[in-house]
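K.L.:
Got a predicted structure plus its sequence, pasted below:
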Amino acid sequence: EAGVTQFPSHSVIEKGQTVTLRCDPISGHDNLYWYRRVMGKEIKFLLHFVKESKQDESGMPNNRFLAERTGGTYSTLKVQPAELEDSGVYFCASSQPGAGAGANVLTFGAGSRLTVL
Amino acid sequence: AQSVTQLDSQVPVFEEAPVELRCNYSSSVSVYLFWYVQYPNQGLQLLLKYLSGSTLVKGINGFEAEFNKSQTSFHLRKPSVHISDTAEYFCAVGKYNFNKFYFGSGTKLNVKP
């Protein structure tokens, strides 16, 4: 089966510009997560979708970040306008629906590295 | 809120030597514990998980971890490492409904020949 796909793998933009990151989860995985890792620090939770609904967005840094998952398939994370401190690696992960054994195994994408100059 | 502490940011070790990567967590409720590995230019891959039952958990690639509730630790061990184990390792904690996972800051394991 195809894994979690993230695009772009690396994006370099200037402060004030807009960037949109995309995540394609594994087909059938209702749970979709966004995480971020700022250089050398822990991987921090941003938000969690169940299908197209935002289950928990408590980790979103501020209103410059907008996540969507229209139709419950792929998700986008838009940063507008980007600031220097937004630089980092953005990971997407997905898991099976429900609370059973499959729901606790996250499958991660390779990440999208964002550099804001 | 949960927190996960990985005490060592980098661990250098010679090939075929044993290794232990340390992880401590803070939580007042039951949690579930995970170790993930990230090889260069790849996503995080699940190594092993503790949900319940035996406190000694065996994972892929010869790794194992032991859940110690009294010390709130979940250290990862391997008796003999290979060059191919060179990667970054992340400890993670999940709450009962798995809606949110908390990760440590990672430990880079560098296996030298």
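P.N.:
Perfect, thanks for sending it. Residues are numbered from 1 along each chain as shown, chains lettered A, B, ... in the order given.

K.L.:
Could you use CA atoms for every contact and neighbour count after this?
P.N.:
OK.

K.L.:
What is the neighbour count of residue A:12?
P.N.:
The number of residues packed near residue A:12 is 12, by other Cα atoms under 10 Å in any protein chain shown.

K.L.:
Check the one 3 residues further on too.
P.N.:
By other Cα under 10 Å, 16 other residues sit near residue A:15.

K.L.:
In contact with it: list those residues for me.
P.N.:
Taking Cα atoms under 8 Å, 6 or more residues apart in numbering or on different chains as the definition of contact, the neighbours of residue A:15 are A:81-84, A:116-117.

K.L.:
so it, which of the three states?
P.N.:
Reducing the assignment to helix, strand or coil with DSSP: H, G, I helix; E, B strand; the rest coil, the entry for residue A:15 is coil.

K.L.:
At the geometric centre of the chain, which residue sits there?
P.N.:
You didn't pick a chain, so chain A it is. Residue closest to the mean C-alpha point of chain A, counted by Cα atoms, centre = their mean, is residue A:34 at 3.0 Å.

K.L.:
The intended chain is chain B.
P.N.:
Centrality entry for chain B: nearest residue to the mean C-alpha point is residue B:35, 3.5 Å, by Cα atoms, centre = their mean.

K.L.:
Return, as residue ranges, the portions of the chain with sub-threshold pLDDT.
P.N.:
No chain specified, so I'll use chain A. Residues of chain A that meet the criterion pLDDT under 70 lie in A:1, A:99-103.

K.L.:
um, chain B though
P.N.:
Residues of chain B that meet the criterion pLDDT under 70 lie in B:1-2, B:28-30, B:96-99.

K.L.:
what does it put close to chain A?
P.N.:
With Cα under 8 Å from any Cα of the partner chain as the criterion, chain B comes near chain A at residues B:41-46, B:94, B:97-106.

K.L.:
Run a quick check on residue A:43 versus residue A:34, I expect a contact.
P.N.:
No: Residue A:43 lies out of contact with residue A:34 (Cα atoms under 8 Å); the separation is 10.1 Å.

K.L.:
ok, residue A:110 to residue A:26 distance?
P.N.:
From residue A:110 across to residue A:26, the span is 13 Å (Cα to Cα, to the nearest Å).

K.L.:
what's the overlap in contacts for those two?
P.N.:
Going by Cα under 8 Å, 6+ apart, residues that sit against residue A:110 and also against residue A:26 are residue A:4.

K.L.:
Now list the buried members of the residues of chain B next to chain A.
P.N.:
When those are checked for burial by 16 or more other Cα atoms under 10 Å in any protein chain shown, the buried set is B:43-46, B:94, B:98-106.
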